[in-house]
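> curious how this folds, go ahead:
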Amino acid sequence: QVQLVESGGGLVQAGESLRLSCAASGRAFSSYAMGWFRQAPGKERELIALITYTGNSAYYKDSVKGRFTISRDNAKNTVLLQMNSLKPEDTAVYYCAASESYYPLALDEYHYWGQGTQVTVSS
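Numbers count the residues shown, from 1 in each chain. The predicted structure is shown next:
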């Protein structure tokens, strides 16, 4: 099992940046693909970025492509989400999650979840 704890959320103005961090503990963090999801009020949880266990490949939802960057440091058991040029529509609770799949695009491929961190972007 792996335990995940997100941090770095907060309230920012449109155009500003935030960096979310997900700290992992437990076994074999480096063997998991890691994803960042978000869930806005009244909406479904959506995958916005993932990084493979090697760190060699990543996926981004179109709406965040070019603004968000996912990275991982397997030595520190950490995955980061750098969010630039934030927009009000980025407001949501952000979750990190771990998957044993190589390139997990589906929510049900993720079996370990953090508790979430709130990101609020004001206009």
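
> could you pull out the strands for the chain?
2-7, 10-13, 18-26, 33-39, 46-51, 58-60, 68-73, 78-83, 92-99, 110-113, 117-122 (DSSP state E).

> got CSV for those strands, with mean neighbour count and mean pLDDT too?
In short, each C-beta sits where N, CA and C put it, glycine included. Output for the strands of the chain, formatted as CSV (neighbours: other Cβ atoms under 10 Å; pLDDT from 0 to 100):
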stretch, mean neighbour count, mean pLDDT
strand 2-7, 17, 96
strand 10-13, 13, 98
strand 18-26, 18, 95
strand 33-39, 24, 98
strand 46-51, 22, 98
strand 58-60, 17, 98
strand 68-73, 18, 97
strand 78-83, 22, 98
strand 92-99, 24, 98
strand 110-113, 18, 96
strand 117-122, 17, 98
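
> span of stretch 29-47 from start to end?
One end of stretch 29-47 sits 19 Å from the other (Cα to Cα, to the nearest Å).

> surely M34 touches T54?
No - at 11.3 Å, M34 does not count as touching T54 under the criterion of Cβ atoms under 8 Å.

> S71 and N84: what is the separation?
S71 sits 13 Å away from N84, going by Cβ to Cβ, to the nearest Å.

> what is the spatially most central residue of the chain paired to in the beta sheet?
Note on the chain: the residue nearest the mean C-alpha position is W36, at 2.1 Å, using Cα atoms, centre = their mean. Beta-bridge partners recorded for W36 (DSSP bridges): A49, C96.

> can you tell me how far it is from G55?
For W36, the distance to G55 - Cβ to Cβ - is 14 Å.

> over to R45?
R45 is 24 Å from G55, by Cβ to Cβ.

> quick one: contacts of stretch 100-109?
31-33, 35, 37, 45, 47, 50, 52-53, 57, 59, 99, 110-111 (Cβ atoms under 8 Å, 6 or more residues apart in numbering).
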